[in-house]
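S.K.: 3D, please:
(one chain, ligands or ions: 1)
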Amino acid sequence: MRPIRLVTAALATAALSLPLVVTPATAAPPSGHQAAPHSNAKFDRLRSAAPDGFHVGTAVAGGGHHLEQDYPDPFTSDREYRKLLGKQFSSVSPENQMKWEFIHPEQGRYDFGAADAIVDFAKRNKQVVRGHTLLWHSQNPEWLEEGDFSKEELRAILREHITTVVGRYAGKIQQWDVANEIFDEQGNLRTEENIWIRELGPGIVADAFRWAHQADPKAKLFFNDFNVEDINAKSDAYYELTRELLAQGVPVHGFSVQSHLSLRYGFPGSLEENLRRFDKLGLETAITELDVRMDLPANGKPTKAQLRQQADYYQRALSACLAVEDCNSFTIWGFTDKYSWVPVFFEGEGSATVMTEDFVRKPAFHALKSTLWDAKKAEEKDRKKGRKH
Ligand code: XIL
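M.R.: Below you'll find the model as predicted:
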């Protein structure tokens, strides 16, 4: 997959007065102080700070770029990582483990091991799962991309894959990214790159949603893409397409914005407005892959100003989602720099997640936690008020 180009919006972000402390992941409240509500054990977790029904998620590291690194599989081998994964988050997304090349490596052979382990982990930790992904132009196995299949065969292959994978996890996946990245920056379908659309025509997208719905009627089915945070040609294309599909009765339930952001560019200022227009169509919305990368200074360490600006981006993305009624799923693309895809895919950029490689919390982590906590308090207040009237 090629590096993502983000749209430049000349928007100067107001620096927030966020604390610049980096606290260890397991910090205890200072002795002699009364623990503030969000520093006691329970509220030391993003998942418990979140308002009721609002899910805070992360990608689960494994597969993809991790296979070329000199560490063992993070999910199965890193105890500290697993502990935080269970403790901090109420939603998990397999980073690569449900993609075609991973789960369906040979024709007629599936490899469910890693995906099953994540789904089991989620159950034990009372987490929901976001399935990712079923129809995409990238990370497809060679047998599929290079195979010499007729149109009828390809259609049967996709149908069988969706039925098998979605069916296997029926009832255990809250949201599925059914179609991933089907439009380019101009809002044109990726007809050349996407094997399904190229060979079978655009109608295959609706079929993918129908087959997924048959296999798991309870799962919410999403379109997912990058560079669609703002209102722009690409998000307009999704807006028109989802409108058409809904009018035809196709089971599309959600539109999600990946949100791979960079400090090189301004924050996508129309994010909330954009989510809201999809919400008004009757769709759920979600932030599914948030990270905020930056150009690292020569010593490889972000400056305080960079960390502050990064926290601001994280907070604004979360606030936009919290402000939109049916945006109830907010996922970051990994929570530690130790396993981030960013340095591998974006030369010179890094430090994109909310914790350092040693699991030390950055200002972005604190910003997320306090924003969630404020939203939870506001919601409880509203509920009480509602009861009185
Ligand atoms: C990335 C993974 O993080 C890497 O491990 C992998 O090597 C490549 O893909 N959009 C998506 C995600 O939908 O699946 C991508 O994940 C990041 C961009």
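S.K.: tell me the phi and psi of the closest residue to the ligand within the stretch 101-250 of the chain?
M.R.: Residue nearest to the ligand within the stretch 101-250 of the chain: residue 180 (5.2 Å; CB to the nearest ligand atom). Just so you know, the C-beta spots here come from the backbone N, C-alpha and C atoms, and that holds for glycine as well. Torsion angles at residue 180 (phi, psi; degrees, to the nearest 10) stand at phi -120, psi 130.
S.K.: tell me the contacts of it?
M.R.: Going by CB atoms under 8 Å, 6 or more residues apart in numbering, residue 180 touches 132-136, 138, 224-225.
S.K.: who's it bridged to?
M.R.: residue 224 (DSSP bridges).
S.K.: and the contacts of residue 180, which two are furthest apart?
M.R.: Farthest-apart pair in those is 134 and 225; separation 14.2 Å (CB to CB).
S.K.: number of nearby residues for residue 258?
M.R.: Residues lying near residue 258 (other CB atoms under 10 Å) number 23.
S.K.: so it touches residue 288, yeah?
M.R.: Yes. Counting by CB atoms under 8 Å, residue 288 is a contact partner of residue 258 at 5.5 Å.
S.K.: intersection of neighbour lists for the two?
M.R.: Common neighbours of residue 258 and residue 288 (criterion: CB under 8 Å, 6+ apart): residue 224.
S.K.: pLDDT on stretch 56-72, on average?
M.R.: Throughout stretch 56-72, pLDDT has a mean value of 98.
S.K.: and that stretch, what's buried?
M.R.: 56-66 (16 or more other CB atoms under 10 Å).
S.K.: repeat that for stretch 131-138.
M.R.: Quick answer for stretch 131-138 (16+ other CB under 10 Å): 131-137.
S.K.: cool, stretch 68-87 as well?
M.R.: Within stretch 68-87, the residues scored as buried using 16+ other CB under 10 Å are 74-75, 78, 81-82, 84-87.
S.K.: before we move on, what about stretch 229-240?
M.R.: By neighbour count on 16+ other CB under 10 Å, the buried set for stretch 229-240 is 229-232, 234-235, 237-239.
S.K.: who touches it?
M.R.: For stretch 229-240, the surrounding residues in contact (CB under 8 Å, 6+ apart) are 7, 9, 183-188, 223, 225, 227-228, 255, 257, 259, 261, 268-271, 273-274, 277-278, 281, 317.
S.K.: need the contact list for the residue in the chain that the ligand sits nearest to.
M.R.: Closest approach between the chain and the ligand, counting by CB to the nearest ligand atom: residue 64, at 2.7 Å. Contact analysis of residue 64 by CB under 8 Å, 6+ apart lists 95-96, 99, 102, 139, 341.
S.K.: out of the residues you listed, which end up buried?
M.R.: Buried, going by 16+ other CB under 10 Å: 95-96, 99, 102, 341, out of those.
S.K.: out of the residues you listed, which touch the ligand?
M.R.: Contacts with the ligand within the buried ones among the contacts of residue 64, as defined by CB under 6 Å from any ligand atom: 95-96, 341.
S.K.: for the closest residue to residue 199 other than its chain neighbours, what are its contacts?
M.R.: Leaving aside its chain neighbours, residue 199 sits nearest to residue 154 (5.3 Å; criterion: CB to CB, 6 or more residues apart in numbering). Applying CB under 8 Å, 6+ apart to residue 154 gives the contacts 195-196, 199-200.
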